[in-house]
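1. Okay, predicted coordinates and the sequence, questions at the end:
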Amino acid sequence: MKRWSRGVLIGVLALACLAPGSPGLRAQEPSAPAQEAPAVSLSLSEVLQSALEKNLDIAVRRFDPKVAETRVETQEAVFSPNLEFSAKDGENTQPSSSALSGGTVVTDSDRTFAGTYSDAFKLGSTLQFTLFTHRNSTNNSFSTVIPSYYTQALATYTQPLLRNFGLEVNETQIIIAKNNHEISQWQFRQTVMDTLAAAEAAYYDLNLALMNMKTAEAYLKLAQDFLDQTRIRVRVGTLPPIEITQAEAGVADREGTVIVARSAIRAAEDQLRRLMNIPSDSPLWNQPVHPTDEPQVLDKIVDVDEAIRTAMEKRPDLEQARLDLSSRDADLRYRKNQKLYRLDLIAQYGASGLSGKFLPVTQVYYTADPTPPGCIPLPNDSSRCSVTTDPPDLDIGESYKQVKDRDFSTWSAELQLGIPLGNRAAKAAYAAAKYSEDQAKLTIQQLEQAAQVEVRTAARDIDTNLKRYRAAQVNTRLQTEKLNAEQKKYENGMSTTYQVLQFQTDLTNARARENLAIVDYNKSLVELDRVLGILLDTRNVSVSD
């Protein structure tokens, strides 16, 4: 009897402590969230469009194809013609120690004007045409033309016959540059595809965070209702006061779950904003984001064999590897050609002309022979006479006319043979190129194998996640029924607070697994399109430079 009275007393004291307004233990109500800015609704297409237009990864990689295209132009410019001009003016004064030098002090004034046209051809040949004019003025007594204009036009054609011969060899760097340009385009496409896949996954992650938040809030509401019910039952004496502590602990645990869920939403929103490249001063950084597109179940069936064939044709990494192999093949052919001897044919043809002011010319004749009219007898020698002729002055144009008419021409043909002794450098370069080609072939096999595994994994994930979702749906329904049954048992005094709270936890976990399964299913659909290389096609995105 005393023991019962003591129990009643303890119960009364506990009820007094737990009564509203009493200073006893009491589970805290979740603090009300601060006033938030109005939410912004975003569809999946809007998120992808923003990521496509503003994402920094895409913006950075967008320049790569443009840079690679300039390198193609640089390599093609090697075969562009070139035109050069030069002008030179100078004077040279030298003392002389010989009467044959033309004077005691000889002064030469020279001016040279030259123009050169050169062109390289993809066959390996080069053509050079040079035209120059040299004006000379001197006090040399032996010179007969003062000033003189000497003009020459000379064409030189060089054709390699062994090393560096042929289009295939001389276009090697152009081929490599074009392949690199295409590689940069595929790399850019891969960046766009990865970014959009990440944005879509982040969108679904935000959906998951919001669904988990709703589940956590419902979980908290369920625990709070149960706490109220437990208090009533304790107050009327059908339960001992210790049951309230158990129920309050359940509420506190669920409040922590709500706090974590709210933080997960903010993290998911920030990740989405980053991928969309929202400006730092945009109000969207402080506004909640509500996705308008929810995860869907499509019951997609994947033909794995067909998917693997699609991946082999569409994946950007495989296209890059094939282009890299093409570049290595071109380099190998070039290195093989460089092992040959150098045998060049050099042909030249030119014409020259001379004009200027010619000095008077005196010719001596014997009077016994027929003499030209006006022949003047020489002083002190009646047997001879002389005739002085004053040639006409010829300007610079006359020298060009002589070149044009090819009055004075020259030509030559030459073969040059170069034999590198040992040729070790060319052989080593060829061996390195062969190793690189073999390595590129193995790399393609490696990527094809990895693609096959990724496709099979993605297809399996779709099937697995769909089955997970179906099983999670069933589990949620069964956990709900189980909780309802346990709640009725509790109301009839056949269960405990601990059991009911445990069943509530089981139901919440089941709902969380259902949320995760449907989000994982949608993300696995995105991943399949990514590993197949068709994500941009299925999203109607066109990528160009």
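-> On my side now, so go ahead.

2. list the contacts for the closest residue in space to Pro392 that isn't next to it in sequence?
-> Spatial nearest neighbour of Pro392, excluding adjacent residues (Cβ to Cβ, 6 or more residues apart in numbering): Phe358 at 7.9 Å. Any C-beta I mention is one placed from the backbone N, CA and C, and that applies to glycine too. Listed by Cβ atoms under 8 Å, 6 or more residues apart in numbering, the contact partners of Phe358 are 144-145, 391-394.

3. again with Ser184
-> Neighbouring residues of Ser184 by Cβ under 8 Å, 6+ apart: 64-65, 67-68.

4. go on, Arg342?
-> 160, 162-164, 416-420.

5. Filter the contacts of Phe358 down to the buried ones.
-> 145, 394 (16 or more other Cβ atoms under 10 Å).

6. circling back: just put the contacts of Ser184 in TSV and tack on neighbour count, pLDDT and distance to Thr496.
-> Formatted as TSV, these follow (neighbours: other Cβ atoms under 10 Å; pLDDT from 0 to 100; distance: Cβ to Cβ, whole Å):
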residue	neighbour count	pLDDT	distance to Thr496
Asp64	18	93	66
Pro65	21	93	68
Val67	11	94	71
Ala68	21	94	71
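
7. can you name the two of those that are farthest apart?
-> Pro65 and Val67 (7.4 Å; Cβ to Cβ).

8. residues near the residue nearest to Tyr521 when sequence neighbours are not counted, how many?
-> If the residues on either side of it in the chain are set aside, Tyr521 comes closest to Asn465, at 3.9 Å by Cβ to Cβ, 6+ apart. Counted with other Cβ atoms under 10 Å, residues neighbouring Asn465 total 22.

9. Would you tell me what the next helix or strand after the helix or strand hosting Asn465 is?
-> Assigned by DSSP states H and E, Asn465 belongs to helix 424-491. Once the chain leaves helix 424-491, the next helix or strand it forms, by DSSP H and E, is helix 497-532.

10. which residues are in contact with the next helix or strand after that following helix?
-> As assigned by DSSP H and E, the chain's next helix or strand after helix 497-532 is helix 535-538. Contacts made with helix 535-538 from outside it, assessed by Cβ under 8 Å, 6+ apart, are listed as 189, 192-193, 196-197, 314, 526, 529, 542-543.

11. how far is helix 535-538 from where the chain is centred?
-> 19 Å (Cα atoms, centre = their mean, to the nearest Å).

12. Name the spans of the stretch 51-200 of the chain whose pLDDT lies under the cut-off.
-> Scanning the stretch 51-200 of the chain for pLDDT under 70 picks out 97-103, 140-144.

13. Where do the strands of it begin and end?
-> 82-95, 105-120, 126-138, 145-160 (DSSP state E, counting those that start in this stretch).

14. before we move on, back to that, who does the helix holding Asn465 touch, helix- and strand-wise?
-> If you count contacts as 3 or more Cβ pairs under 8 Å, 6 or more residues apart in numbering; DSSP states H and E, helix 424-491 packs onto helix 304-314, helix 316-337, helix 497-532.

15. got the angle between it and helix 497-532?
-> If you take axes from the mean of the first three to the mean of the last three Cα atoms, to 10 degrees, helix 424-491 sits at 150 degrees to helix 497-532.

16. Just the mean pLDDT for helix 424-491, thanks.
-> The average of the pLDDT scores along helix 424-491 is 94.

17. ok so, going back, farthest-separated two in the contacts of Phe358?
-> Taking Cβ to Cβ, the two most distant members of these are Thr144 and Pro392; they sit 14.0 Å apart.

18. Ala451 contacts Ala307, correct?
-> No - judged on Cβ atoms under 8 Å, Ala451 makes no contact with Ala307 at a distance of 10.1 Å.

19. And the chain, what are its domain boundaries?
-> For the chain, automatic domain parsing gives the domain ranges 40-70+174-334+427-538, 86-98+107-120+125-163+342-418.

20. Turn those into JSON lines, columns for distance to Glu76.
-> Supplementary listing: the domains of the chain in JSON lines, determined by distance: least, Cβ to Cβ, whole Å:
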{"stretch": "domain 40-70+174-334+427-538", "distance to Glu76": "6"}
{"stretch": "domain 86-98+107-120+125-163+342-418", "distance to Glu76": "11"}
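
21. Determine which stretch of those domains is the most buried.
-> domain 40-70+174-334+427-538 (a mean of 18; mean count of other Cβ atoms under 10 Å).

22. Ends of that domain, what's the gap?
-> 26 Å (Cα to Cα, to the nearest Å).

23. which among the contacts of Arg342 gets closest to Val60?
-> For the contacts of Arg342, the nearest to Val60 is Asn164 (39.1 Å; Cβ to Cβ).

24. Quick check: phi and psi at the closest one.
-> phi 70, psi 20 (degrees, to the nearest 10).

25. just checking, it touches Thr158?
-> No - distance between Asn164 and Thr158: 10.3 Å, which falls outside the contact criterion (Cβ under 8 Å).

26. how far does the host helix or strand of Ala202 sit from the chain's center?
-> Ala202 belongs to helix 172-235 when assigned by DSSP H and E. Between the centre of helix 172-235 and the centre of its chain there are 26 Å (Cα atoms, centre = their mean).

27. What's the first helix or strand after that helix?
-> helix 242-276.

28. Listing partners with orientation, what would you give for the helix or strand just after that next one?
-> Later in the chain than helix 242-276, the nearest helix or strand by DSSP H and E is strand 289-291. Note on strand 289-291: by DSSP bridges, its sheet partners are strand 40-42 (parallel).

29. any idea how far Asn337 lies from Gly166?
-> For Asn337, the distance to Gly166 equals 7 Å [Cβ to Cβ, to the nearest Å].

30. And these two? Which one has more around it.
-> With neighbours defined as other Cβ under 10 Å, Asn337 and Gly166 compare such that Asn337 has more, 21 against 13.

31. residues contacting that one?
-> Counted by Cβ under 8 Å, 6+ apart, Asn337 has contacts 163-166, 169.

32. picking up where we left off before, among the contacts of Ser184, which are in helices?
-> Using DSSP state H, the subset of the contacts of Ser184 located in helices is 64-65, 67-68.

33. Closest one of the residues you listed to Thr112?
-> Closest to Thr112, out of all of these and judged by Cβ to Cβ, is Val67, at 42.5 Å.

34. Nearest spatial neighbour of that closest one, chain-adjacent residues omitted?
-> Closest to Val67 by Cβ to Cβ, 6+ apart is Ser184, at 7.4 Å.

35. Tell me how far that neighbour lies from Glu200.
-> 25 Å.

36. Ok, Ser386 next?
-> Relative to Glu200, and taking Cβ to Cβ, Ser386 is found at 107 Å.

37. do the same with Val236
-> From Val236 to Glu200 the distance is 55 Å (Cβ to Cβ).

38. can you pull the pLDDT of the residue nearest to Ala471 when sequence neighbours are not counted?
-> Using Cβ to Cβ, 6+ apart and skipping the chain neighbours, the partner closest in space to Ala471 is Ala517 (7.9 Å). Ala517 carries a pLDDT score of 95 in this model.

39. List the contacts of Ile462.
-> Ile462 sits next to 300, 302, 521, 524-525, 528 when contact means Cβ under 8 Å, 6+ apart.

40. do Ser118 as well
-> Counting by Cβ under 8 Å, 6+ apart, Ser118 makes contact with 81-82, 84, 126-129.
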